[in-house]
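Colleague: Quick check, what structure comes out for this input:
(one chain, ligands or ions: 1)
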Amino acid sequence: MVTPLLSISRRTRQTPFSKRLGENGVKAYTVYNHMLLPTVFESLEADCRHLKTDVQVWDVACERQIEVRGPDAARLLQMLTPRNLGKMAFGQCLYTPMVDETGGMLNDPVTLKLADDRYWVSIADSDLLLWIKGLAYGLGLRVEVDEPDVSPLAIQGPKSDDLAARVFGEAVRDIGFFRFAVLEFQGHDLMVSRSGYSKQGGFEIYVDGGHLGEPLWDALFAAGKDLNVRAGGPNLIERIEAGLLSYGNDMTRQNTPYECGLGKFCHNQNDIEFVGRDALLRHAAEGPARQIRSLAIAGEALPPCRSAWPVYGNGQRAGQVTSATWSADFQTNVAIGMIEQAHWQDGARLEVETPDGMRSTTVKEKSFI
Ligand code: THG
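Modeller: Predicted coordinates for the structure are as follows:
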């Protein structure tokens with residue numbers, strides 16, 4: 001079968017790092033927030049191994065920032081999410097499910113507080129800007145909402161602290177998980193957070209101004225030569241092993257945060273006002289009928305999951321698999337899926353209908369890593 005190519009044009013936006021990706025041998029892209037996101041350099045498997053042993057620099061400019069500023073910024077941010085932001089402090093990053101009036105997931109961004117009247121919403125792949133602008137206008141809030149020229153660049157892998165310290169100074173080592181510090185690079189103040197879309201540790205630098213992209217990239221590669229630094233991107237194998245969710249793949253507007261396993265980010269909802277509260281309170285009282293689970297799928301390496309694969313238990317529909325790939329480390333296909341309550345207990349044996357036929361699959365309560 002022919003693997004189709006992606007036609008790239010002005011709509012599939014380039015990033016400040018695109019030229020460097022070409023020079024570093026990028027082999028595949030996906031499109032995320034209408035922007036190119038590199039997915040493969042050497043191979044998914046080789047990239048995964050290197051991520052787990054060394055350090056990588058990732059072009060995640062597609063994690064677009066939506067800036068909300070003005071006297072009503074805090075009120076608008078709280079309207080967007082069931083997570084209680086009442087105690088959010090400057091310098092904090094919070095994983096914030098965002099829902100519509102039915103409690104359906106619109107996005108699962110990281111929200112950063114830059115000041116009492118200024119926030120960045122670091123979005124996953126959906127046009128959240130339009131929803132936020134519409135809400136601000138409809139509610140008559142005193143805010144400005146736009147997409148600044150900010151392009152995150154991630155440093156990920158076990159040697160991340162050493163690499164980041166060489167470019168930003170020893171202060172990076174003191175940055176707490178999901179906190180950011182403002183550090184200097186060539187005379188510019190940049191936000192550097194301890195976060196990223198892998199479980200291998202690392203940082204995200206919010207490159208504020210596209211012209212800084214190549215100088216920062218080059219500084220990281222010059223400083224990291226002996227650390228074996230390489231270009232990378234969110235790695236499909238590692239993110240499935242880690243159980244990191246992908247909006248549009250593992251969850252959509254059809255799912256609530258509880259179904260997505262994000263109920264732990266939905267506390268004290270009686271104390272706050274947000275769109276979808278009544279629907280979510282009702283849903284939480286009933287309990288979700290299905291929930292995200294990690295799964296191991298038996299047999300040979302499977303092709304990519306391009307449409308949901310039906311899952312069955314005792315001949316009955318038991319859910320669907322939405323992401324899957326071969327894991328060399330676990331010597332099985334690893335997967336993420338949405339599984340019905342009757343079948344979601346740890347160790348449950350089910351069947352999944354893949355493009356390569358029926359396979360047996362085992363439900364896991366926890367992710368592989
Ligand atoms: N970093 C930033 N922006 C982003 C992402 C990111 N925007 C798009 C996308 N990724 C948003 N989705 C996620 C999903 C998972 C995590 C972060 C963003 C994540 N989760 C950790 C976990 O599940 O273990 C920690 C969550 C927590 O405890 O708060 O890191 O990666 N800037």
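
Colleague: Quick one: residues contacting Lys19.
Modeller: The neighbours of Lys19, taking Cβ atoms under 8 Å, 6 or more residues apart in numbering as the test, are Glu214. To be clear about C-beta, it is placed using only N, CA and C from the backbone, and glycine gets the same treatment.

Colleague: for Val182, that is, sorry about that
Modeller: Contacts of Val182 (Cβ under 8 Å, 6+ apart): 189-192.

Colleague: Tell me the predicted confidence for the residue nearest in space to the middle of the chain.
Modeller: Central residue of the chain (Cα atoms, centre = their mean): Tyr197, 5.4 Å from the mean position. For Tyr197, the model assigns a pLDDT of 98.

Colleague: OK, contacts around the closest residue to it other than its chain neighbours?
Modeller: Excluding the flanking residues, the one nearest Tyr197 by Cβ to Cβ, 6 or more residues apart in numbering is Pro234, at 4.7 Å. Going by Cβ under 8 Å, 6+ apart, Pro234 touches 37, 39, 58, 60, 197-198.

Colleague: Tell me which of those residues fall in strands.
Modeller: Mapping those onto strands (DSSP state E) picks out 37, 39, 58.

Colleague: Any idea how many residues pack against Gly201?
Modeller: 17 (other Cβ atoms under 10 Å).

Colleague: and His188, how many neighbours?
Modeller: 14.

Colleague: Assign a three-state SS to the residue lying closest to it once chain neighbours are set aside, would you?
Modeller: Nearest in space to His188, with sequence neighbours left out and distances taken as Cβ to Cβ, 6+ apart, is Leu212 at 6.1 Å. Taking DSSP: H, G, I helix; E, B strand; the rest coil as the rule, one finds Leu212 in the helix state.

Colleague: just checking, Leu212 touches Gln186?
Modeller: Yes - applying Cβ atoms under 8 Å, one finds Leu212 in contact with Gln186, separated by 7.5 Å.

Colleague: before we move on, back to that, please report phi then psi for the residue nearest to Tyr197.
Modeller: phi -50, psi 130 (degrees, to the nearest 10).

Colleague: picking up where we left off before, top of the ones in strands among the contacts of Pro234 by neighbour count?
Modeller: Trp58 (26 neighbours).

Colleague: which non-adjacent residue is nearest that one?
Modeller: Closest residue to Trp58 in three dimensions, ignoring its sequence neighbours and counting by Cβ to Cβ, 6+ apart: Ala154, at 3.9 Å.

Colleague: What is the subsequent helix or strand relative to the one helix or strand Leu216 maps to?
Modeller: Per DSSP states H and E, Leu216 falls inside helix 213-223. Next helix or strand after helix 213-223 toward the C-terminus (DSSP H and E): strand 230-232.

Colleague: Many thanks, have a good one.
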